[in-house]
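Peer 1: Have a look; sequence and predicted model below, questions after that.
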Amino acid sequence: QDPTWLETFLGNNTVETVVNLSDLVGAHVLFGGNSTSSTQLPSSIVIFRAIASSSDRKVMYITPKWYLNIDKQDEILITTEDIHDLSQKLLRSQPFLWKSAFRGTARDYRLLNKLQQLPTLKEVLSAANVLHDAHRGVIFGKGKQQAASMLQGKPFLASGQIKRYGINIDSLNLFTRPTAERRYKRFLQLPALIISRSLHDQRVEIAVAEPSAGREHLVIDQMYYGIPGSSSHSALVYQLNAILNSNIAFYMAFMFSSALGWDRRLVEEGDWQQIRLPRSILDPTATPIWQEVLQHESWLRENWQPSSASESILRQKILQQQQMLEKSVSELYELSEQEVILVEDTIALGITPILAKNLRFLNALLHATSNDLQNYARRVCTQLNGILNDDGQWLTAIVIEFKQPSPLRACRFRYKNLDRNELITVIQFENIENILEQMSQDLRAEVADHVYVQRSLHVYEPDGFWIIKSAEKRLWSESAALNDADMIVCEHMEEDTEDE
């Protein structure tokens, strides 16, 4: 498919509305159908006019999420957080905006725009003179075959044998097949970085294979992408092992990919090649952080055990080393505390469910807990106290708990003169279930036949405001708090402008 088709389409047409139904494909809602029917839900609906758009044209981009009992309801339910106004001009120049709005927020776009300025993996491999030798593994298909004698006798990494961080080359069987497809008859000089194309536990397995006595080469299966070591940059494969196993790399692989999460679940070499890397990647002496990164990577490469009991001392040590590595990698990318939170929440609540459809059901069952609301409220207060603090008053929060299950959650925020350590309090309301149910129905508006928007509510008082919205866990995450704080600031500025 021509990758420029979307840019051409956006340049020649005025797009009014796009409804991205990717998360609902397979659900028997509105369009009916079954697994063999051609009348299932389409992946997207585009409403456009066949005339060139103006430079300031906004596209309404609606991204409804799968929800519990969707197959039993003749409707589509959308939250206000899933309705976006996007610049058509930006959609042409920054196509990742589709992804960031689909599974993230405006803050994701700003972070991706910042990361986009860094060098890509493809550019770094080219500068290190290893791009040409990096390759997909051997294929045993029905295509044109050729003798594979040059591969025989070398260690072979079969599909599913990889684990994160390190590969024991001595445990691998030798390659014995007589033939392979002609175009993939290649092997790697060790050390080399091996990247699995498939996901395991919703993450990609990436590891370094090092040479041992008599085993200096490696043949890999087609389900891997291999990057050989660089003679001019000996630490590169170990640096990449640390970086590509990190949250920020997985986040970029998804967000910058034109296909991952839309129509496939494999992470291809092209997805990785457009990952952005720290500017110091080819000059690790430029910052002392690289020494910390390589120390953590070396420890994990030697000790990683995916099946260790969660209570074991080794498992706790592995988790500790991973956390320290994540922190060091975040420092290499110069990520702020808010950006780290954004990446973690987007992976957990946005990316993982779309890559593992079985998690959609589990996520739909998850309602925000009291701890979720307290963390959310604390983040809102921390963010706004650094912006709107006035006359020595602190923004405080009251988290509302309901004795019975409720379709809504609520927090009240007020400015007070008090110690900053007393920001959050929790109170419990009883016997208001009927009121909450009626509020939930009142916040639900029909915008088209069988299509509803579940609105969020901001209620302003002289000394503060309320935030009331659906109980979905993703709406009460810390990253949601950052976005809600941004909205509060915007509304506050609009109110000041009106007063003038």
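Peer 2: Now that the structure is in, tell me what you want to look at.
Peer 1: how much space between I227 and A286?
Peer 2: Separation of I227 from A286 (C-beta to C-beta, to the nearest Å) stands at 22 Å. In this view, the C-beta of every residue, glycine as well, is placed from N, C-alpha and C.
Peer 1: higher neighbour count, those two?
Peer 2: Neighbours were counted for I227 and for A286 using other C-beta atoms under 10 Å; I227 has more, 28 against 12.
Peer 1: Help me confirm that the more buried one comes into contact with N241.
Peer 2: No: between I227 and N241 there is no contact under C-beta atoms under 8 Å: 9.8 Å.
Peer 1: Please enumerate the shared neighbours of the two.
Peer 2: Common neighbours of I227 and N241 are listed as L193 (criterion: C-beta atoms under 8 Å, 6 or more residues apart in numbering).
Peer 1: Assumed K469 was part of a strand.
Peer 2: Yes: assessed with DSSP: H, G, I helix; E, B strand; the rest coil, K469 lies in a strand.
Peer 1: residues near it, how many?
Peer 2: Neighbours of K469 under the rule other C-beta under 10 Å: 24.
Peer 1: Using the three-state scheme, assign A52.
Peer 2: Following three-state DSSP, we place A52 in the coil state.
Peer 1: Tell me how far it lies from G11.
Peer 2: For A52, the distance to G11 - C-beta to C-beta - is 7 Å.
Peer 1: swap in T4?
Peer 2: Using C-beta to C-beta, T4 is found at 10 Å from G11.
Peer 1: These two: who's more crowded?
Peer 2: More crowded of T4 and G11, by other C-beta under 10 Å: G11, with 13 against 9.
Peer 1: what's the helix or strand for the more buried one?
Peer 2: Taking DSSP states H and E as the criterion, G11 maps to helix 5-12.
Peer 1: What of R414?
Peer 2: Applying DSSP H and E, one finds R414 within strand 408-416.
Peer 1: Could you check how far that strand is from the centre of its chain?
Peer 2: Relative to the centre of its chain, strand 408-416 is centred 29 Å away, using C-alpha atoms, centre = their mean, to the nearest Å.
Peer 1: Pick out the residue closest to the middle of this protein.
Peer 2: Closest residue to the average C-alpha location of the chain: I347 at 3.6 Å, with C-alpha atoms, centre = their mean.
Peer 1: What residues of the helix holding G11 count as buried?
Peer 2: L10 (16 or more other C-beta atoms under 10 Å).
Peer 1: Could you name the helices and strands sitting against it?
Peer 2: Where contact means 3 or more C-beta pairs under 8 Å, 6 or more residues apart in numbering; DSSP states H and E, helix 5-12 is packed against helix 88-93.
Peer 1: residues contacting L199?
Peer 2: 265, 267, 355-356.
Peer 1: That should have said L294, apologies.
Peer 2: Contacts were defined as C-beta under 8 Å, 6+ apart; by that measure L294 touches 235, 238-239, 242, 284.
Peer 1: what helix or strand does it sit in?
Peer 2: Counting by DSSP H and E, L294 is part of helix 289-303.
Peer 1: pretty sure L111 belongs to a strand, no?
Peer 2: No: L111 is assigned helix when assessed by three-state DSSP, not a strand.
Peer 1: For A127, report the pLDDT, please.
Peer 2: pLDDT, the model's per-residue confidence, is 96 for A127.
Peer 1: separation between it and L282?
Peer 2: Between A127 and L282 the computed distance is 6 Å (C-beta to C-beta).
Peer 1: re the thing from before, can you list the buried residues in the strand holding R414?
Peer 2: Residues 408-415 are the ones in strand 408-416 that count as buried (16+ other C-beta under 10 Å).
Peer 1: Reformat the residues you listed as TSV; add pLDDT and distance to R164.
Peer 2: Putting the buried residues of strand 408-416 into TSV (pLDDT from 0 to 100; distance: C-beta to C-beta, whole Å) gives the following:
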residue	pLDDT	distance to R164
L408	91	40
R409	92	36
A410	93	41
C411	95	38
R412	94	44
F413	94	42
R414	92	47
Y415	89	47
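Peer 1: Out of those residues, the closest to V340 would be?
Peer 2: C411 (23.0 Å; C-beta to C-beta).
Peer 1: Now do the contacts for that closest one.
Peer 2: Contact partners of C411, counting by C-beta under 8 Å, 6+ apart, are 373, 376-377, 380, 397-400, 466-467.
Peer 1: Which PyMOL command selects the buried ones in those?
Peer 2: Buried members of the contacts of C411, defined by 16+ other C-beta under 10 Å, are picked up in PyMOL with:
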select buried, resi 373+376+377+380+397+398+399+400+466+467
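Peer 1: Restricted to strands, list the contacts of C411.
Peer 2: 397-400, 466-467 (DSSP state E).
Peer 1: Out of those residues, which is nearest to G214?
Peer 2: Among the ones in strands among the contacts of C411, V399 lies closest to G214 (C-beta to C-beta), at 63.1 Å.
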